[in-house]
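1. below are the sequence and a predicted model; questions follow.
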Amino acid sequence: MADAGMLRFHVPEPEVRPGGTPDFSNVPIPKAGSAPRPEIDVDPRTIRDMAFSIIRVLNRDGEAVGPWAGLLSDEELLEGLRHMMTLRSFDARMQMAQRQGKTSFYMQHLGEEAVSCAFRKALAAGDMNFPTYRQAGLLIADGYPMVTMMNQIYSNEADPLKGRQLPIMYSSKEHGFFSISGNLATQYIQAVGWAMASAISNDSKIAAAWIGDGSTAESDFHSALVFASTYKAPVILNVVNNQWAISTFQGIARGGSGTFAARGLGFGIPALRVDGNDYLAVHAVAKWAAERARANLGPTLIEYVTYRAGAHSSSDDPSAYRPKAESDAWPLGDPVIRLKNHLIHKGVWSNERHAQAEAEILETVIAAQKEAESHGTLHAGGKPSTRDMFEGLYAEMPPHLRRQRQQAGV
Amino acid sequence: MPRRTMIEAIRDAMDVSMARDERVIVFGEDVGFFGGVFRCTQGLQAKYGKSRCFDAPINESGIVGSAIGMAAYGLKPCVEIQFADYMYPAYDQLTQEAARLRYRSNGDFTCPIVVRMPTGGGIFGGQTHSQSPEALFTHVSGLKTVVPSNPHDAKGLLIAAIEDPDPVIFLEPKRLYNGPFDGHHDRPVTPWSKHELGEVADGHYTVPLGKAVIRRPGSAVTVLAYGTMVYVAQAAAEETGIDAEIIDLRTLLPLDLDTIVASVKKTGRCVVVHEATLTSGFGAELSALVQENCFYHLEAPVARVAGWDTPYPHAQEWDYFPGPARVGRALIETMGA
């Protein structure tokens, strides 16, 4: 064997850094409609290539094509468009509110609206999502009141979480939205546990786990895949690959595996990659996975290929680590514009109606914001009490906390 | 009344709970078919089926993380971590997830889980089968921490823990599984079948969380102990002839401060003993609480006897273990101060 010389340490680097020209030529984009739609009881070993391709429905001409198309009616698609536009408008207003000092922190979805909005429509009432901080579309698309979301963001007197949680860490059992932790990956294995419980109870409900590309490196991701695989849990294992984990490009978490979906293969879990900016593709693939789960066929891993067009959070400045124009160069486009073009192509929508809808939505969001602000913002107006800080840790307050509450004078 | 070992009492607690409430499920490493390496779950799978008692992958974070999800669904998982020393991969799930779920969701989701784990040394388990990590749990807001010292309490406390609406850490002193070990490792241990606290009633009963018990009434000095150290302290009191009042805390959090304060005010002296390492151990909290609440009644400094601040060694196990001789010395010094 030839002498390989000294050992060399390898650290992956993204293709381009600030100042460079964005280049996604290394991201192969299959033609819309080209991916097959297997039966839900398919042998996972026969669809391994789907972990390396991308399922797409909407083509460049705004047509829905291929075997994954045709699941949604015009009304459902128009509703989906409205949900994504609402989420985008909501984000813009709340991002601004954060800049105005009305709250401490915000995280927006820009470019990723299709993932959570379309996914929600593939689930049934009673199913449970275990989301990360970038799936508020699950709430918007399920009709959760925007005012309640804003009350939480403002930590005001009407905040259902009594000011205890960072902004956007919502919780709503009623809407199938598990309390967001703020820790990364912990919820992934919890979702599997919830799904196991549903199976143990001979129920019909399923769970959905959510994680980002970066957090798949956490041990809990591995725990979740082991448990889901072992117990064939009725769970959908979602990986939202938006290319960036704060400043760290996805290659640092992904390593040599090629794709995040491929992580499922060693566990015998069917793994699909889907165009995350394609509302129809996200919905169709999620629906397929939900049917599998409900039919006792076990977990499915889905990687949504998307792009975080905005900053990681209100505390982040992406220009320090990636080219400014990179999001414009993203080959899968913008989810709102793509669904809009599809609906125009179908003759059920127009640029005029879109502009009008945008204005109406903004008005609704502003009205909700006004109502929320009447209950206070982080630094002004009504807020949760100091007493609220001591309460609700245990079902019954233990003596040491009662003493401390007394010391605090509340 | 039937006499049971602590293992049998713990098994009986799970059996009774599973029979009463179908939401109670039991799982962990080697817990299903085999019945656990200490046999605490023996027979439960055969009796209740594989859906309610099953083997888990060797993945403590996965065991606790999935239990949290199950509890959020509405089940009441009682899981086993094979040794307390193995709980660290699950620490994130316990401290930041289980402990805070009720609080952070304002009661929208709750986490009624029990995490059982054998604790303490004395079986030549070396540094990875002997630890006593209770202070790592009592330091966390939102958990309850229980350490039984005998079969009767173990059953009643475990049933109470399973029925509790919040997460409970249930530390089982493994050296007590078969008898009230008093630290004299060179003598045979009395089996629970010959000890009154080995009497375990059939059926359902609870021992409430948050209530200590006085094991040995005395007037000279108060000893605060839990788990194995209750019997070590009793041996020390007998061997020194000091009339110690020995309190078995049973639950560390919530702590029964009233019983502690009443006793120390009566005796004016206090010795705190635990097997865990000294620095930042639970004894530090106990000692601080005693001086905060009983300062003007104290006639001597509060003394602490604990494991040395080293990892639990293998060959030097009995040099490390705070046995009756060390506790006895602390009693004599506290009486002489």
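-> Okay, I see it. Numbering: from 1, shown residues only, chains lettered A, B, ... in the order given.
2. run through the residues that contact the residue minimising distance to the centre of chain B.
-> The centre of chain B sits closest to residue B:147, judged by C-alpha atoms, centre = their mean, with a distance of 1.6 Å. Taking C-beta atoms under 8 Å, 6 or more residues apart in numbering or on different chains, we find residue B:147 in contact with B:119, B:134, B:171, B:173, B:226, B:227, B:249, B:250, B:251, B:252. Just so you know, the C-beta spots here come from the backbone N, C-alpha and C atoms, and that holds for glycine as well.
3. what is the burial count for the residue in the stretch 201-337 of chain B positioned nearest to chain A?
-> Per C-beta to the nearest C-beta, residue B:254 is where the stretch 201-337 of chain B lies closest to chain A, at 3.6 Å. The local packing of residue B:254 (other C-beta atoms under 10 Å in any protein chain shown) involves 19 other residues.
4. next: residue A:354.
-> Residue A:354 has 18 nearby residues by other C-beta under 10 Å.
5. pretty sure residue B:239 is touching residue B:328, no?
-> Yes. Between residue B:239 and residue B:328 there is a contact at 5.6 Å, judged by C-beta atoms under 8 Å.
6. okay, the two: which has more neighbours?
-> residue B:328 (22 against 15).
7. tell me, how many residues neighbour whichever residue of the stretch 201-350 of chain A sits closest to chain B?
-> The stretch 201-350 of chain A approaches chain B most closely through residue A:223 (3.4 Å), counting by C-beta to the nearest C-beta. The number of residues packed near residue A:223 is 28, by other C-beta under 10 Å.
8. list the contacts for it?
-> A:188, A:189, B:59, B:61, B:62, B:65, B:66.
9. farthest-apart pair in those, please.
-> A:188 and B:59 (12.6 Å; C-beta to C-beta).
10. neighbour-wise, which of these two wins?
-> Counted by other C-beta under 10 Å, residue A:188 and residue B:59 do not tie: residue A:188 has more neighbours, with 31 against 22.
11. domains in the chain, by residue range?
-> In the absence of a named chain, chain A is used. A:44-311+A:324-379, A:386-410 (automatic domain parsing).
12. my bad, the chain I had in mind was chain B
-> B:6-198, B:213-336.
13. possible to save these as TSV with mean pLDDT?
-> TSV is the format used below for the domains of chain B (pLDDT from 0 to 100):
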stretch	mean pLDDT
domain B:6-198	98
domain B:213-336	98
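14. CSV for those, including distance to residue A:41?
-> Putting the domains of chain B into CSV (distance: least, C-beta to C-beta, whole Å) gives the following:
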stretch, distance to residue A:41
domain B:6-198, 23
domain B:213-336, 50
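15. near chain B, which residues of the stretch 101-250 of chain A?
-> Proximity of the stretch 101-250 of chain A to chain B is confined to A:128, A:130, A:160-162, A:164-165, A:169, A:171-173, A:178-179, A:181, A:183, A:186, A:188-198, A:200-201, A:207, A:219-220, A:223-224, A:226-227, A:230 under the rule C-beta under 8 Å from any C-beta of the partner chain.
16. just the buried ones from those residues, in PyMOL syntax?
-> Buried members of those, defined by 16 or more other C-beta atoms under 10 Å in any protein chain shown, are picked up in PyMOL with:
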select buried, chain A and resi 128+130+160+161+162+164+165+169+171+172+178+179+181+183+186+188+189+190+191+192+193+194+195+196+197+198+200+201+207+220+223+224+226+227+230
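17. okay, helices next: where are they in the stretch 1-150 of chain A?
-> Ranges of helices within the stretch 1-150 of chain A are A:74-99, A:113-120, A:137-140, A:146-154, based on DSSP state H, counting those that start in this stretch.
18. so which of those is the most packed in?
-> helix A:113-120 (a mean of 31; mean count of other C-beta atoms under 10 Å in any protein chain shown).
19. what packs against that one?
-> helix A:74-99, helix A:137-140, strand A:235-241, helix A:279-294, helix A:335-345 (3 or more C-beta pairs under 8 Å, 6 or more residues apart in numbering or on different chains; DSSP states H and E).
20. am I right that residue A:165 sits in a strand?
-> No. Judged by DSSP: H, G, I helix; E, B strand; the rest coil, residue A:165 forms no part of a strand; its state is coil.
21. ramachandran coordinates for residue B:20?
-> Here is the backbone geometry of residue B:20 (degrees, to the nearest 10): phi -80, psi -30.
22. near chain A, which residues of the stretch 51-200 of chain B are found?
-> B:51-52, B:56-57, B:59, B:61-62, B:65-70, B:72-75, B:89, B:92-93, B:96-97, B:101-110, B:141-142, B:144, B:164-166.
23. out of those, which are buried?
-> B:52, B:56, B:59, B:61-62, B:65-70, B:72-73, B:75, B:89, B:92-93, B:96-97, B:101-110, B:142, B:144, B:164, B:166.
24. next step: those restricted to helices.
-> Among these, the ones falling in helices (DSSP state H) are B:61-62, B:65-70, B:72-73, B:92, B:101-104.
25. which two from the residues you listed end up farthest apart in space?
-> Most distant of those, by C-beta to C-beta, are B:62 and B:103, 23.6 Å apart.
26. can you give me the strands in the stretch 101-250 of chain B?
-> B:114-119, B:144-146, B:168-173, B:213-216, B:221-225, B:244-248 (DSSP state E, counting those that start in this stretch).
27. angle of the last one against strand B:221-225?
-> In terms of direction (axes from the mean of the first three to the mean of the last three C-alpha atoms, to 10 degrees), strand B:244-248 departs from strand B:221-225 by 20 degrees.
28. report all helices and strands that strand B:244-248 contacts.
-> strand B:213-216, strand B:221-225, helix B:229-240, helix B:257-267.
29. ok, that strand: who's next to it in the sheet?
-> strand B:213-216 (antiparallel), strand B:221-225 (parallel) (DSSP bridges).
30. pull the contacting residues for residue A:34.
-> A:56, A:66.
31. ok, it to residue A:169 distance?
-> 39 Å (C-beta to C-beta, to the nearest Å).
32. give me the residue at the spatial middle of chain A.
-> residue A:135 (3.6 Å).
33. check contacts around the nearest residue to it once chain neighbours are set aside.
-> Once flanking residues are discounted, residue A:135 sits nearest to residue A:116: 4.0 Å by C-beta to C-beta, 6 or more residues apart in numbering or on different chains. Contact analysis of residue A:116 by C-beta under 8 Å, 6+ apart lists A:87, A:109, A:131, A:134, A:135, A:136, A:137, A:138, A:141.
34. mind putting those residues in JSON lines, pLDDT included?
-> Shown next, in JSON lines, are the contacts of residue A:116 (pLDDT from 0 to 100):
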{"residue": "A:87", "pLDDT": "98"}
{"residue": "A:109", "pLDDT": "97"}
{"residue": "A:131", "pLDDT": "98"}
{"residue": "A:134", "pLDDT": "97"}
{"residue": "A:135", "pLDDT": "98"}
{"residue": "A:136", "pLDDT": "98"}
{"residue": "A:137", "pLDDT": "98"}
{"residue": "A:138", "pLDDT": "98"}
{"residue": "A:141", "pLDDT": "98"}
